[in-house]
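Chemist: I would like the atomic coordinates for the input below:
(one chain, ligands or ions: 1)
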Amino acid sequence: MNLVSIVMVIQLFFGIVIGLYFWNMLKSQRSSKSVIEKESVKELELLRAMKNIQLTKPLSERIRPKTLTEVVGQEDGIEALRAAICNSNPQHVLIYGPPGIGKTAAARLVLEEAKRNSDSPFAKSAPFIELDATTARFDERGIADPLMGSVHDPIYQGAGAMGQAGIPQPKRGAVSNAHGGILFIDEIGELHPIQMNKLLKVLEDGIVHYESAYYSEENKNIPRHIHRIFTEGLPADFRLIGATTRMPEEIPPAIRSRCLEIYFRDLEQSDMMVIAKRASEKVAIPLTDAALHILADYAQNGREAVNIIQIAASVAKKESRAIIDASHMEWVIEVSRLTPRPVSQVSSKSEIGMVNGLALLGPSTGYLLPLEVLLLPALHEPKITITGIAEEETIGSQSKSIKRKSMAKASVETVVTFLKSLGIPAHQYDIHVNFPGGTPVDGPSAGLAIATGIYSCMKKIPVNHLVAMTGEIGLYGQVMPIGGVTIKIKAAKQAGAKTVLIPKANYHTLTQKINDITVIPIETFEDALPYVLDDSKSTSSQQVYNDKKSS
Ligand SMILES: Nc1ncnc2c1ncn2[C@@H]1O[C@H](COP(=O)(O)OP(=O)(O)OP(=O)(O)O)[C@@H](O)[C@H]1O
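Modeler: Residues are numbered from 1 along each chain as shown. Alright, predicted model coming up:
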C-alpha cells in the first residue's frame, strides 16, 4: 500500500467518524424534538381535560349585581362614585368600607355606566383592570412587578432569542394594561410604600418609565419598539379606584389628596334581607320569614348573607324540602360558629355612672358604646382601672407605626385633673371605667362620656339614658373635635338615643340632616351638663357645678 492509499484510508475513516457524529447529533435532536412534541401533546390533552371540568360558581358570584341599582344600601356612596367617574373629567377615587358590602361590585359597574355617557373620555373598549394589593408583591430588582410592570433583563431570560442578543424586554404591568380605563386596586391600604410612591408618580405623569443596565441607545440589536419604550415610557393614563377596609388616617395623605374619598356604609339588617331574598330566588328555594330574620341578625355583610343562603339551601335540598326554614338557618349558624351582629340599644332607664358613648368599628361603622363608671374611696394610692379594651395599641401605617398607651386611661387622667381644678375631688377615688362587650374605643373620643360618668358618680346623679355623646375633653373642660361624627350620630339614632352631643367644631362639618334625633353642638363640659344628667335633677346639678366653679 503506497502512502497515497494510506492517506485516503485515514481520510475515509475520519470522514466516516465525523459523518457518524453528525448523524447521531441529528438523530438525538430529532428524538428530543419528538419527545418534547409528545410531551406537549400530552400536556395539551391534560389542559383540555382540565378545562372541561367546571365546578359551579359560588352563589355570591352568580348574584353579583349587574347594575348599580342592584347594589343594595349604598345609594349615597354610589351617587358619589357616579359623580366622580361618569362625567367628562373623571377623578381618582378611594372607597372606604368594611369587607363584603359591594365596593368591588360598584367599582366594576361604574365604568360601564360611564361609557354610556356621551361626554365620557372612556372609549367603549376601555379596560377595567383589577389588582389585589395584598398579593401584588414585587421584586426590588425590578424583575417582577405586577402593578408597574418590569424589565426582563437578558441575564434572567435564559437562552431566548432576545436574551441571547442581549436585549432587555419591558413587560407591561397593571398601570399600562389599564391605560384609557380604570385600575381597581382592592385593599389599596396594603400596598407596599415603594409601590405606593411609584403609583403616585404614574398618576401624576400618565406614563411609566423603565430602566435597565442592559439598555443602550446605541445598541442596534434592540428593536425600535423597545427603544421607544425606554426613551418615552409606556402610556399609563387611567383613573384609579382604590378600595380599603382601613381607616382614612391609615392611608398615605399623598394618595388621599389625589382622590375623591367615598364611604360605603355598613349594611343594615333590612339590607341583608333584600340580598338574602335575591339569593334565595337565584337558588330557587324561598325562605320563611323566621329564617330571614335569623339571617339578618347574624349576617355581618352582603357576602356572608349570600353564603349563608347557599349553605342553608343545600341543607334544605338534602332534606328534600322546598323551603329554607328557621331550623336550617340555626344549623348553619351553629356549624359556622357565627356570632350575632353587634346591636347596641340604649338602656331602659337612667342610672348613675352609666353613659352612652359612641365609637367607630371601621371607616363607616358606628356603634353606641355603653360605658360604666364606678368610684370607690381609695384606701391607699388612688388607682385608675380600665377594662374591656386594649391597654396599648399600634397606630399608623406600614411605613410608620407608633405604640400608644391606653388613650382611655389618658382621658380619665385628663378628666380627673379637670374635675380637681373645679374642686371635685375625683382624684381621691379608685376609678374603674368598664367598656362592656370589648368594643374598641377609638382613642380619646370617649373623653366626654368618661367625664360625664365620673361626674355622675361624684354627684350621685343618674345620666340620661336617651342621650349619647362623643368628644375629646381637654384639661380646661373644653370639648374638642373627633372623627366619624356623622356615622356616630346615625349609630346613636339606631340605638334609640333621642339626643346626641357632639363637639361644636364638628357641627359645621355635618353635611346631611339626620332626622329623629336632636344634635347638640357643645364647646365645654359645662354645656353638656343640662342634657346629660337625668332630666329631673339636671337643673340642680347644673347649679352645683356652677356654684363650685364660681367658688
Ligand atoms: N350592597 C350589596 N348589594 C348586593 N349584593 C352585595 C352587596 N354587598 C355584597 N354583596 C354580595 O357579596 C358579594 C361580594 O361583594 P363585593 O366583592 O362587592 O364586596 P366588597 O365590598 O368589595 O368586599 P371585599 O373587599 O371583601 O371584596 C357580591 O358578589 C354580592 O353577591
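
Chemist: got the domain ranges for this protein?
Modeler: Domains of the chain are assigned by automatic domain parsing as 74-137+172-211+224-263, 269-335, 354-550.

Chemist: let's have the ones you listed in CSV, adding distance to the ligand.
Modeler: To be clear about C-beta, it is placed using only N, CA and C from the backbone, and glycine gets the same treatment. What follows is the domains of the chain, written out as CSV (distance: least, Cβ to the nearest ligand atom, whole Å):
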stretch, distance to the ligand
domain 74-137+172-211+224-263, 3
domain 269-335, 2
domain 354-550, 11
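
Chemist: which of these comes out lowest on mean pLDDT?
Modeler: Among the domains of the chain, domain 354-550 has the lowest mean pLDDT, at a mean of 81.

Chemist: could you pull out the helices for the stretch 251-400 of the chain?
Modeler: Counting by DSSP state H, counting those that start in this stretch, one finds helices in the stretch 251-400 of the chain at the ranges 253-256, 269-282, 289-298, 302-318, 326-335.

Chemist: can you list the domains of the chain in CSV and add distance to Arg341?
Modeler: Converted to CSV, the domains of the chain look like this (distance: least, Cβ to Cβ, whole Å):
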stretch, distance to Arg341
domain 74-137+172-211+224-263, 12
domain 269-335, 6
domain 354-550, 11
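
Chemist: tabulate those domains (CSV), appending distance to Tyr21 and mean neighbour count.
Modeler: Converted to CSV, those look like this (distance: least, Cβ to Cβ, whole Å; neighbours: other Cβ atoms under 10 Å):
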stretch, distance to Tyr21, mean neighbour count
domain 74-137+172-211+224-263, 40, 18
domain 269-335, 67, 19
domain 354-550, 61, 19
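
Chemist: to Leu59, which of those lies closest?
Modeler: Leu59 sits nearest to domain 269-335 of all these, at 4.2 Å, using Cβ to Cβ.

Chemist: quick one: end-to-end length of that closest one, please.
Modeler: This stretch, domain 269-335, spans 21 Å end to end (Cα to Cα, to the nearest Å).

Chemist: so for Thr414, which of the helices of the stretch 251-400 of the chain sits nearest?
Modeler: Thr414 sits nearest to helix 253-256 of all the helices of the stretch 251-400 of the chain, at 27.6 Å, using Cβ to Cβ.

Chemist: list the contacts of that closest one.
Modeler: Defining contact as Cβ atoms under 8 Å, 6 or more residues apart in numbering, one finds that helix 253-256 is touched by 94, 188, 196, 199-200, 242, 248.

Chemist: those residues in helices, which ones?
Modeler: Of the contacts of helix 253-256, the ones assigned to helices by DSSP state H are 196, 199-200.

Chemist: got a markdown table for the contacts of helix 253-256, with distance to Pro370 too?
Modeler: Shown next, in a markdown table, are the contacts of helix 253-256 (distance: Cβ to Cβ, whole Å):
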| residue | distance to Pro370 |
| --- | --- |
| Leu94 | 33 |
| Ile188 | 35 |
| Met196 | 39 |
| Leu199 | 43 |
| Leu200 | 43 |
| Gly242 | 35 |
| Pro248 | 26 |
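
Chemist: find the residue at the geometric middle of this structure.
Modeler: Against the mean C-alpha coordinate of the chain, by Cα atoms, centre = their mean, the closest residue is Thr245 at 1.7 Å.

Chemist: so it versus Ile101, what's the distance?
Modeler: Counting by Cβ to Cβ, to the nearest Å, the gap from Thr245 to Ile101 is 10 Å.

Chemist: do Pro58 as well
Modeler: Distance, Pro58 to Ile101, by Cβ to Cβ: 17 Å.

Chemist: repeat for Phe138
Modeler: Phe138 is 29 Å from Ile101, where distance means Cβ to Cβ.

Chemist: same deal with Thr385?
Modeler: Thr385 sits 37 Å away from Ile101, going by Cβ to Cβ.

Chemist: can you check Leu375 too?
Modeler: Taken as Cβ to Cβ, the span from Leu375 to Ile101 is 41 Å.

Chemist: with Glu319 instead?
Modeler: Glu319 sits 32 Å away from Ile101, going by Cβ to Cβ.

Chemist: I'd like to know which of the domains of the chain is closest to Asn52.
Modeler: Asn52 sits nearest to domain 269-335 of all the domains of the chain, at 24.2 Å, using Cβ to Cβ.

Chemist: quick one: the closest one to chain centroid distance?
Modeler: Chain-centre distance of domain 269-335: 26 Å, with Cα atoms, centre = their mean, to the nearest Å.

Chemist: element containing Ser31, please.
Modeler: For Ser31, the host element (DSSP states H and E) is helix 3-52.

Chemist: which strands or helices does the next helix or strand after that helix pack on?
Modeler: Downstream of helix 3-52, the first helix or strand assigned by DSSP H and E is helix 59-62. Applying 3 or more Cβ pairs under 8 Å, 6 or more residues apart in numbering; DSSP states H and E, one finds that helix 59-62 contacts helix 269-282, helix 302-318.

Chemist: can I assume Asn87 is in contact with Ser120?
Modeler: Yes: using Cβ atoms under 8 Å, Asn87 is in contact with Ser120, at 7.2 Å.

Chemist: what sits in contact with each of those two?
Modeler: Taking Cβ under 8 Å, 6+ apart as the criterion, Asn87 and Ser120 both touch Ala114.

Chemist: just the endpoints, please. Distance across stretch 116-125?
Modeler: Using Cα to Cα, the end-to-end distance of stretch 116-125 comes to 12 Å.

Chemist: which residues sit against it?
Modeler: Among residues not part of stretch 116-125, those counted as contacts by Cβ under 8 Å, 6+ apart are 86-90, 111, 114-115, 180-182.

Chemist: could you pull out the strands for the stretch 51-200 of the chain?
Modeler: For the stretch 51-200 of the chain, the strands defined by DSSP state E, counting those that start in this stretch occupy 92-96, 128-132, 149-152, 169-172, 182-186.

Chemist: including distance to Ala451, could those strands go into CSV?
Modeler: Output for the strands of the stretch 51-200 of the chain, formatted as CSV (distance: least, Cβ to Cβ, whole Å):
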stretch, distance to Ala451
strand 92-96, 30
strand 128-132, 44
strand 149-152, 55
strand 169-172, 58
strand 182-186, 41
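
Chemist: now for those strands, which one comes closest to Thr470?
Modeler: The closest of the strands of the stretch 51-200 of the chain to Thr470 is strand 92-96. By Cβ to Cβ, the value is 19.1 Å.

Chemist: listing partners with orientation, what would you give for the closest one?
Modeler: The pairing partners recorded for strand 92-96 under DSSP bridges are strand 239-244 (parallel), strand 259-263 (parallel).

Chemist: so which residues make contact with that strand?
Modeler: Residues outside strand 92-96 that contact it (Cβ under 8 Å, 6+ apart) are 77, 81, 84-85, 103, 106-107, 188, 203, 239-248, 251, 255-256, 258-264, 363-364.

Chemist: likewise for stretch 307-322?
Modeler: By Cβ under 8 Å, 6+ apart, stretch 307-322 touches 58-60, 276, 279-280, 283, 285-287, 291, 295, 298-299, 323-325, 328-329, 331-333, 336, 338.

Chemist: now the end-to-end length of stretch 465-473.
Modeler: The first residue of stretch 465-473 is 21 Å away from its last residue (Cα to Cα).
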